[in-house]
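> I'd like to go over a predicted model; first the sequence, then the structure.
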Amino acid sequence: MKTIALIVAAGRGTRAGGDVPKQYRALGGVTVLRRTIDSLLSHPEVDAVQVVIHPDDAGRYAIATSGMEGILPSVFGGAERQDSVLKGLEALEQHAPETVLIHDAARPFVSHAVISGVLAALATHKAAFPALPVVDALWKGGRGRILAEQPRESLYRAQTPQGFHFDAILSAHRAAKAPALDDVAVAFAAGYKVAITEGAPENFKLTTPTDFERAAKMLDKHMDIRTGNGFDVHKFTDGDHVTLCGIRIAHDQSLAGHSDADVAMHAVTDAIFGALAEGDIGQWFPPSEEEWKGANSAIFLTKAVERAAAREFAISNVDCTIICERPKIGPHALKMRERMALLLGIPADRVSVKATTSEKLGFTGRGEGIAAMATATLVKS
């Protein structure tokens, strides 16, 4: 791999408030960490991402990154950020990247332009970082009053990702004998010339509750939220099981259909296609085509997820209701949620699968088949 991004996400982020570390807080329906990973992984020159996490966050991390590809196994961090970066770099050594981008988990709005600027500078320097020049007047102060004027010329506000030739920054961190402000400081102390590239105002770090308010307003200005509904019905036929949300359930009948007749997964798939205004399963996978006879419905759902991603939509959540008298859905609901979450590429806590009866009314009440309805919310920001 030529370039790997190392995301430092082992901090506690107490200044941001909230009940969970800031990198796992939701922002526009998506965790901060997932947004940050997406920003880096979507860059064409970034081959993979590795995340350094706190040991206590293993469960949160698994949920936040569920279904994502291109992520190397996470690494547990150390007591200080500098320790965490070194642990991450040492874990990457086996992959032998040429360059590494070290990025704060709490900077979810880094743009491709900022990343490209850093990578371009690494062609002529062993270290580079994005920064913004200080434009405000600066003063030294104390006890509530100014003490002296502070010139602002040649001063910069550092951002991430900070980029390095991998071997250079690894050796610099191993040789570091004192705490450093950031990874640029480690490289500078090791004697490397560091290039400054153009940063961006939106590439700010989420540190305080006010930062989260600013981020929410940014997303509100650009967010495109879509909601789609899906409904499907399949009648019973001879058989010994039904497949619902990808889970095989023993039953004295099966569902009839051209594919595997997974009525619940069909409803969810149509909900996503509906949110995108791209038709339905029947248009994408016509039942008149022999190719789809007995097909696993995961193929259909995967296509809908791919279409959402191609249009730069993230699936925020899915809610599916299965309508039947039998079989009992409750004992299988958790496995259904987990299977759907895997296919959808979202955490299981964003997938709802529940069941109801029709009080013995209609074809479902008479036990002639199963119906399902679903709602999917998609977000582009």
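Okay, I see it.
> where do the strands sit along the stretch 151-300 of the chain?
Taking DSSP state E, counting those that start in this stretch as the criterion, the stretch 151-300 of the chain carries its strands at 156-158, 162-165, 194-198, 224-238, 241-244, 247-250, 253-255.
> how about the fourth one: buried residues?
Within strand 224-238, the residues that count as buried by 16 or more other CB atoms under 10 Å are 226, 228, 230-234, 236. Quick note: C-beta positions are derived from backbone N, CA and C, even for glycine.
> What's the mean pLDDT across it?
Across strand 224-238, pLDDT averages out at 94.
> That strand pairs with which strands, parallel or anti?
Here strand 224-238 is paired, per DSSP bridges, with strand 253-255 (antiparallel), strand 369-380 (antiparallel).
> For that strand, output the C-alpha coordinates as CSV.
The C-alpha coordinates for strand 224-238 follow below in CSV (Å, rounded to 0.1, in the frame of the first residue of the first chain):
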residue,chain,number,x,y,z
ASP,A,224,-30.4,16.2,1.6
ILE,A,225,-32.7,13.8,3.5
ARG,A,226,-34.8,11.3,1.7
THR,A,227,-37.4,8.9,3.1
GLY,A,228,-38.8,5.9,1.1
ASN,A,229,-41.5,3.3,1.9
GLY,A,230,-41.7,-0.3,0.8
PHE,A,231,-44.4,-2.9,0.9
ASP,A,232,-44.5,-6.5,-0.2
VAL,A,233,-46.7,-9.6,0.1
HIS,A,234,-46.0,-13.3,-0.5
LYS,A,235,-48.4,-16.2,-0.1
PHE,A,236,-47.7,-19.5,1.6
THR,A,237,-46.9,-22.6,-0.4
ASP,A,238,-45.7,-26.1,0.4
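> ok, back up a step: out of the strands of the stretch 151-300 of the chain, which comes closest to A261?
A261 lies closest, by CB to CB, to one member of the strands of the stretch 151-300 of the chain: strand 253-255, at 3.7 Å.
> Just the residues contacting the closest one, thanks.
Here strand 253-255 makes contact (CB atoms under 8 Å, 6 or more residues apart in numbering) with 234-243, 261-263, 369-370.
> Tell me how this structure divides into domains.
3-221, 224-380 (automatic domain parsing).
> so how far is the last one from its chain's centroid?
What that stands for is domain 224-380. 23 Å (CA atoms, centre = their mean, to the nearest Å).
> So which helix or strand of this structure has the lowest pLDDT on average?
Within the chain, no helix or strand scores below helix 209-222, which has a mean of 84 by mean pLDDT, DSSP states H and E.
> So which elements touch it?
strand 26-27 (3 or more CB pairs under 8 Å, 6 or more residues apart in numbering; DSSP states H and E).
> Relative to the strand it packs on, what are the paired strands and their orientations?
strand 30-31 (antiparallel).
> and the next element down the chain from the partner strand?
helix 32-41 (DSSP states H and E).
> same question for the following helix or strand past that next one, mean pLDDT?
Tracing the chain past helix 32-41, the next element assigned as helix or strand by DSSP H and E is strand 48-53. Mean pLDDT, computed over strand 48-53, is 97.
> And strand 48-53, what does it pack against?
strand 3-9, helix 32-41, strand 75-76, helix 81-92.
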